[in-house]
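J.: Build the 3D model from these lines:
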Amino acid sequence: MADAEDVRRLASALPHVVEIDSDGFDFRVGGKGFVWSYPERRPGKPRVIRTDVAVLYVGDEAEKQALLLGEPERFFTTPAYDGMPLVMLWLDKVDRDRLEELITDAWRMRAPDTIAGDLDTAAD
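T.: As a prediction, this is how the structure comes out:
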């Protein structure tokens, strides 16, 4: 089972990552977010930052639907994210290896072409 500290460790180990100051976690590469804490919206109340749920960039609607339909026990979405290539992940329902894969994939999709190759260089 993964948690917010696993997200922080995995995301910050990737090249050119910046963590934005927040009540949870919020990671960017090339100025673009790729994984952050879920800001739950509740009618008539302030947002609650959920560090037990990660929002992940997935690239496109097809990938989003594949995750939502293929693993509904792990992934979900809300109407606020309709039309956006983002899914929410229950961290306690994923192991650390799968979390690393998801975070790395999100990084690859958001990293500018000029630095995307640095991930392969860092792994060597």
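J.: Show the model's pLDDT score for the nearest residue to Ser12 once chain neighbours are set aside.
T.: In this structure, Ser12 finds its nearest non-sequential neighbour in Glu19, 6.2 Å apart by CB to CB, 6 or more residues apart in numbering. The C-beta positions use only the backbone N, C-alpha and C, and glycine is treated the same way. Confidence at Glu19, expressed as pLDDT, is 96.
J.: how far is the helix or strand Leu69 falls within from where the chain is centred?
T.: Using DSSP states H and E, Leu69 sits within helix 61-70. Centroid separation for helix 61-70 versus its chain: 15 Å, with CA atoms, centre = their mean, to the nearest Å.
J.: before we move on, what about stretch 46-66?
T.: 6 Å.
J.: ok and the longest strand belonging to the chain relative to helix 61-70, angle-wise?
T.: In the chain, with assignment by DSSP state E, the single longest strand is strand 45-57. Using axes from the mean of the first three to the mean of the last three CA atoms, to 10 degrees, the inter-axis angle of strand 45-57 relative to helix 61-70 is 110 degrees.
J.: Pull up the pairing partners for strand 45-57, direction included.
T.: Strand 45-57 sits in its sheet next to strand 32-42 (antiparallel), strand 86-90 (antiparallel), going by DSSP bridges.
J.: Out of the ones you listed, which is closest to Pro112?
T.: strand 32-42 (8.3 Å; CB to CB).
J.: SS state for Ala2?
T.: coil (DSSP: H, G, I helix; E, B strand; the rest coil).
J.: Now do the contacts for it.
T.: Contact analysis of Ala2 by CB atoms under 8 Å, 6 or more residues apart in numbering lists Leu91, Asp92, Val94, Asp95, Arg96, Leu99.
J.: Which among those count as buried?
T.: By neighbour count, with 16 or more other CB atoms under 10 Å, the contacts of Ala2 hold Leu91, Val94, Leu99 as buried.
J.: Now do the residue nearest to the second one when sequence neighbours are not counted, the pLDDT please.
T.: Of all residues not flanking Val94 in the chain, Ala2 sits nearest, at 5.2 Å (CB to CB, 6+ apart). In this prediction, Ala2 carries a pLDDT score of 96.
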